[in-house]
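Visitor: With the sequence up front, the predicted model follows.
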Amino acid sequence: MKKKILFVITKSNFGGAQKYVFDLARSLPKDQFEVAVATGGNGPLLQKLQGEHVRIIPILSLTRDIDAKSDLAAFFELLAIFKKEQPDVVHLNSAKAGGVGALAARLARVPEIIFTAHGWAFNEDRPCWQRTLIKFFSWITTALTHHTIAVSDAIKKDTSWWPLVGDKIVVIKNGIAKPDFYTKEDARQKLFTITKTALPKDAQIIGTIAELHKSKGLQYAIEAFSKIASQNPSLYYFILGDGDERENLEKTVTKYGLKNRVIFAGFVDDAARLLPAFDIFVLPSITEALGLVLLEAGFTGLPVIATNVGGIPEIIGNETGILVPTRNPEMISKGISDILSNKEYAGNLARMLQAHVTEKFSLKRMITETSALYTGKQG
């Protein structure tokens, strides 16, 4: 008999957590599992799931922001869904869905409750009292589950001192299938069309794909670019993604006089396919669980500069990229300059990262390990 897996995720945009749910939902062996996804909103995740014929259950009251009234409504809505669906496994994703969903699943007596920690909000820049409160509720969520998946060793390490939950936390690192990349020429043409830009053929492009939030540290990458822009007139920086920090980032670009050199593309569907348009990939995160986009950049064969935070060092090391301290524009700009000035060095970094990602971060490995957790056959 097939096991019924019900994924729950707060938002239906298409960030890292949504990509994770999408990849699992469409890739789990269909002869072993019956899959459905419950989510809030009306974002691109819904269209992608529909395209893969994955059943969708709308959650009308689930929102990202903390609100007692909507959270209580979401709890009762999820409780009703769990009782109606009677899944064998509820797999929760994102903090809100995790906290509200874990309690509802316990009361609905779901046999197996799994929560994937895609990152801990208490690692973000917040007041101390907020981080303490978030850490407490994160522990409660973990305590209510039967298993919590940490997507990196760093995520598990953050919980090493938590009481009563150590044996529940299992590391299953993210894995992806190689994206269907455009050629470099086609990727650039599509990127220029999206952004309404026209660059010379000899243009060199730095790229970032990320949600525009403070935790991504994009202001430091822009500042780093400002330090080397005048010495590299054919160098441009494209940022793909959207979010609540866009206005502030645009002000930073204006402050440094880089309006025609730093280009915001906004949200781009299947943005990973455009990675070949770049010559260098930069991820300047302040906090990061692992970084799916680094795996995508690795598959592309790009030299990567990323910050030494969270699970990033599990992908990027001395031979597979350039690790820099967080909030450090000087080191980011030095990394860019080192790559631009030494093609052999850049090529070696790209090849080593591509080999590392291909060997260690495959979608097949993630599916196998997650399936084993669902069936109780993990090692």
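Guide: Received, thanks.
Visitor: switch to C-alpha atoms for all contacts and neighbour counts from now on
Guide: OK.
Visitor: quick one: S138 and A102 touch, right?
Guide: No. S138 is beyond contact range of A102, at 11.0 Å (criterion: C-alpha atoms under 8 Å).
Visitor: Which one of those two is surrounded by more residues?
Guide: A102 (29 against 21; other C-alpha atoms under 10 Å).
Visitor: ok, now which ones touch that one?
Guide: The contact partners of A102, taken as C-alpha atoms under 8 Å, 6 or more residues apart in numbering, are 92, 113, 115, 141, 144-145.
Visitor: ok, now with 10 Å
Guide: 75, 78-79, 90-92, 96, 108, 110, 113-115, 140-146 (C-alpha atoms under 10 Å, 6 or more residues apart in numbering).
Visitor: Let's test this: mean pLDDT of whatever helix or strand it lives in, rounded?
Guide: Applying DSSP states H and E as the criterion places A102 in helix 95-107. Regarding helix 95-107, the rounded mean pLDDT is 94.
Visitor: Check the offset of it from the chain's centre.
Guide: In terms of C-alpha atoms, centre = their mean, to the nearest Å, the centre of helix 95-107 is found 21 Å from the chain centre.
Visitor: How about stretch 143-162?
Guide: Remark: stretch 143-162 is offset 17 Å from the chain centroid, using C-alpha atoms, centre = their mean.
Visitor: So which of the contacts of A102 belong to helices?
Guide: Counted as lying in helices by DSSP state H, out of the contacts of A102, are 75, 78-79, 96, 140-144.
Visitor: what about V54, how many neighbours?
Guide: Neighbourhood size, V54 [other C-alpha under 10 Å]: 18.
Visitor: Next up, the contacts around it.
Guide: 22, 25-26, 34-37, 46-48.
Visitor: repeat that for 8 Å
Guide: 25-26, 35-37.
Visitor: for P87, same thing?
Guide: 3-6, 110-111.
Visitor: thinking again about what came up before, list just the nearest of the contacts of V54 to Y345.
Guide: Using C-alpha to C-alpha, R26 is the member of the contacts of V54 that lies nearest Y345, at 38.1 Å.
Visitor: Leaving aside the residues adjacent along the chain, what's closest to the closest one?
Guide: With sequence-adjacent residues excluded and distances taken as C-alpha to C-alpha, 6 or more residues apart in numbering, R26 is closest to E52, at 6.4 Å.
Visitor: where do the strands sit along the stretch 201-350 of the chain?
Guide: For the stretch 201-350 of the chain, the strands defined by DSSP state E, counting those that start in this stretch occupy 204-209, 235-240, 262-266, 280-283, 304-307, 322-324.
Visitor: With mean pLDDT added, can I get the ones you listed in TSV?
Guide: Conversion of those to TSV gives the following (pLDDT from 0 to 100):
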stretch	mean pLDDT
strand 204-209	98
strand 235-240	98
strand 262-266	98
strand 280-283	98
strand 304-307	98
strand 322-324	98
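Visitor: so which of those gets nearest I155?
Guide: Per C-alpha to C-alpha, nearest to I155 of the strands of the stretch 201-350 of the chain: strand 304-307, 15.9 Å.
Visitor: How far away from the center of its chain is the closest one?
Guide: How far strand 304-307 lies from its chain's middle: 15 Å, per C-alpha atoms, centre = their mean.
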